[in-house]
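S.K.: Kindly generate the corresponding structure for this input.
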Amino acid sequence: MAPPPLSVVLLAAGPSNRLGTPKQLLPFRGVPLIRHLAHQACTSQATQIVVVLGSRSEALRPVLHDLPVEIVMNNEWQEGMASSLRAGVKVASRDASAVLLLVCDQPFVTTALINEYIQRHQVDPDALIAAAYAGTIGVPTLFPKRWMPELLQLRGDRGAKTILEDHRNELMTIPFEDGAIDIDTVDDLKKLIR
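M.R.: Residues are numbered from 1 along each chain as shown. A predicted model of the protein is given here:
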């Protein structure tokens with residue numbers, strides 16, 4: 001059975017204030033982090049890859065120039081995470097049965113992990129699916145199509161986690177301990193390099 005049409009939305013519009021340099025351009029395995037993550041998505045079973053840019057988009061766009069991704073500009077990126085979610089979800093394919101949200105500072109997201117979400121979605125098309133790590137739930141998160149209106153209602157610096165917490169009884173999780181490794185500060189970067 002072929003996997004259902006699914007859109008990956010990679011959120012990469014933030015200014016990296018705490019880090020002081022664009023985390024999207026940090027080198028990881030020989031390429032900028034944003035390119036690494038976009039490539040993982042492009043080699044998965046997803047049918048559409050959307051990359052949401054905002055702050056420093058002029059520096060980020062060339063890094064993705066030869067990948068089969070749809071770049072979406074979030075001109076309201078200063079509002080916070082919710083504006084990027086809305087921008088990405090709005091351009092997700094109408095044929096897509098779900099949207100898988102990725103963030104640009106989780107370097108250990110792989111093609112295999114993305115495909116695991118898609119396969120779980122194929123088995124249970126109505127399930128919300130989140131990563132489980134460090135005693136919490138979070139991204140990557142998969143939202144079936146029926147959750148799109150709720151994602152589009154988010155405002156400010158609220159991410160999709162609020163929706164997951166409100167609907168825990170409908171939530172399926174995928175263990176992803178490396179999901180706890182994200183890059184927000186210089187200390188995070190030093191740990192990653194080590």
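
S.K.: C-alpha from now on. contacts and neighbour counts both.
M.R.: OK.

S.K.: remind me which residues of this protein are low pLDDT?
M.R.: For the chain, the stretches with pLDDT under 70 are 1, 3, 16-20, 184-194.

S.K.: Kindly list the longest strand within it.
M.R.: Using DSSP state E, we find that the single longest strand of the chain is strand 136-144.

S.K.: Quick check: which helices or strands does that strand pack against?
M.R.: strand 98-103, strand 128-133 (3 or more CA pairs under 8 Å, 6 or more residues apart in numbering; DSSP states H and E).

S.K.: Only the buried residues of it, if you could.
M.R.: Across strand 136-144, burial judged by 16 or more other CA atoms under 10 Å covers Ile137, Gly138, Val139, Pro140, Thr141, Leu142, Phe143, Pro144.

S.K.: And for stretch 90-104?
M.R.: Quick answer for stretch 90-104 (16+ other CA under 10 Å): Ala92, Ser93, Ala96, Ser97, Ala98, Val99, Leu100, Leu101, Leu102, Val103, Cys104.

S.K.: any residues touching it, and which ones?
M.R.: Taking contacts as CA atoms under 8 Å, 6 or more residues apart in numbering, the residues outside stretch 90-104 that touch it are 4-12, 23-24, 33-34, 37, 48, 50, 72, 89, 125, 139-145, 152.

S.K.: re the thing from before, and the buried residues of stretch 90-104 as a markdown table, adding distance to Gly156?
M.R.: Putting the buried residues of stretch 90-104 into a markdown table (distance: CA to CA, whole Å) gives the following:
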| residue | distance to Gly156 |
| --- | --- |
| Ala92 | 21 |
| Ser93 | 24 |
| Ala96 | 26 |
| Ser97 | 26 |
| Ala98 | 23 |
| Val99 | 20 |
| Leu100 | 20 |
| Leu101 | 17 |
| Leu102 | 18 |
| Val103 | 17 |
| Cys104 | 19 |
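
S.K.: Strands along the chain, start to end?
M.R.: 6-12, 27-28, 31-32, 48-53, 70-73, 98-103, 128-133, 136-144, 171-175.
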